[in-house]
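Undergrad: below: sequence and its predicted model.
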Amino acid sequence: MDKKTSRIIFMGTPEISSRVLEGLILDGYNIVAVIAQPDRPVGRKKILTPVPTKVVAEKYNIPVYQPIKIRKEFEFVYELKPDLILTLAYGQIVPQGLLDIPTLGCINLHGSLLPKYRGAAPIQYALLNNDKVTGMTLMKMVKEMDAGEMYMTEEVTIDEEDNSTSLFIKMGDAALRLALKALPLYLEGKLPGTPQDESLVTFAPSIKPEEEKIDLNKTKEEIFGQIRALSDVPGAYLYLDNLKIKIYKARIVSDEIVGEVGEIIKADKGGLYLQANNGLLALLDLQKEGKNRMDYKSFINGNQNILGQKLK
RNA sequence: CGCGGGGUAGAGCAGUUGGUAGCUCGUCAGGCCCAUAACCUGGAGGUCAUGCGGUUCAAGUCCCAUCCCCGCAA
């Protein structure tokens, strides 16, 4: 079987999925259907926004299915007679009954080098832990989440400047490269899998809202990782006088201890420095509740008494 | 009609009990200096979101409506 003769269903929802979907379509893969999460009201105005994969699918006249609960609604898949299901960030757990339908099985593009970071937020976890390298893994889908055997990986290097937004773009590119490399082999049955080493398994559960608050008891490195992992959305934050201050970008400066933890010890053209418990962090991009995001110079201009204040 | 904050020079803000606008940064010109992101001098730049809305002798400042931005919630 090859990319033109096989019937493939693509399951995925967000931006990263849509980019891979479009890449596969343009390369000539026979995508017979797209399954995505339902459209949801977005933003303050609750505007019902189509999910990214749906936008792409409709552009190429591919039918889209958006079951509320895939666990209970997947009969329609039988009629599609898929040979293969490829998923990437679909957003729901795929039931065993569905996994059994395609003749060639279900495979998943996962955002980490498994067995590291099984779970919903692998890309953010790589940043959270200040990893230097991560990658995409093409793997077999089994009942246990992200536990199937691995077919191929594509590494991605993370550099200091990367945040969640930029890394997602890199990972999307890697996912497409990986898919284009691996799928032809897989469809011909020439891609053997290797089981994951269970002793090396770690998990990357989705990040809870309370984890967006920066804990000043953590080290500057941990805080730096957290800021990167949560930027540009939703943003890690601290409080200043009961107002949320989101910090979108920061830099580790030094190991100096010159003030109390949480104190702004410098606020001028040279930077806005926050005392962490084991050194200094320069806050570069921030946003006060109700205000727009701005760089530190603008922030200092508008908060001229910030020097010496304490964030918490 | 979910809750709340806000729309004032390119940027970020201030503007007190209503009397036609100020600060910091940037920018332009000149100066100082070996040099500078530092310093000094001077300049340009705003119909204060919109409605030629309402109150008033007088509104950025009070009232009303609309639009837009942001935080939360979903």
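TA: Received, thanks. Numbers count the residues shown, from 1 in each chain, chains lettered A, B, ... in the order given.
Undergrad: state the pLDDT value of the one residue in the stretch 201-312 of chain A that gets nearest to RNA strand B.
TA: At 2.1 Å from RNA strand B, A:G302 is the closest residue in the stretch 201-312 of chain A, using Cβ to the nearest atom of the strand. C-beta: built from backbone N, CA, C; applies to glycine. Note for A:G302: predicted pLDDT of 90.
Undergrad: measure it to A:G271 for me?
TA: 16 Å (Cβ to Cβ, to the nearest Å).
Undergrad: neighbour count winner among those two?
TA: A:G271 (18 against 11; other Cβ atoms under 10 Å).
Undergrad: I'd say the more buried one and A:K297 touch.
TA: No. Counting by Cβ atoms under 8 Å, A:G271 stays clear of A:K297, with 9.2 Å between them.
Undergrad: centroid-nearest residue for chain A?
TA: A:I123 (4.6 Å; Cα atoms, centre = their mean).
Undergrad: wait, isn't it in contact with A:T165?
TA: No. Using Cβ under 8 Å, A:I123 makes no contact with A:T165, being 10.4 Å away.
Undergrad: which neighbours do these two share?
TA: Common neighbours of A:I123 and A:T165, counting by Cβ atoms under 8 Å, 6 or more residues apart in numbering, are absent.
Undergrad: can you list the residues of chain A near RNA strand B?
TA: By Cβ under 7 Å from any atom of the strand, the residues of chain A that approach RNA strand B are A:41-44, A:46, A:209, A:234-235, A:237, A:244, A:246, A:269, A:287-292, A:294, A:297-299, A:301-304.
Undergrad: buried ones from those residues, can you make that a ChimeraX selection?
TA: The ChimeraX command for the buried members of these (criterion: 16 or more other Cβ atoms under 10 Å) is given here:
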select /A:235,237,246,287,288,294,299,303
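Undergrad: so which of the residues of chain A next to RNA strand B belong to helices?
TA: A:K297, A:S298, A:F299, A:N301, A:G302 (DSSP state H).
Undergrad: list the contacts of the closest residue to A:K4 other than its chain neighbours.
TA: Of all residues not flanking A:K4 in the chain, A:N30 sits nearest, at 5.7 Å (Cβ to Cβ, 6 or more residues apart in numbering). By Cβ under 8 Å, 6+ apart, the contact list for A:N30 reads A:K3, A:K4, A:T5, A:S6, A:R7, A:I8.
Undergrad: remind me, longest strand of chain A?
TA: Taking DSSP state E as the assignment, the strand of chain A that covers the most residues is strand A:243-254.
Undergrad: ok, residues contacting it?
TA: Strand A:243-254 is contacted from outside by A:163, A:214, A:220-221, A:223-224, A:227, A:231-232, A:235-239, A:271, A:273-274, A:279-290, A:293, A:311, using Cβ under 8 Å, 6+ apart.
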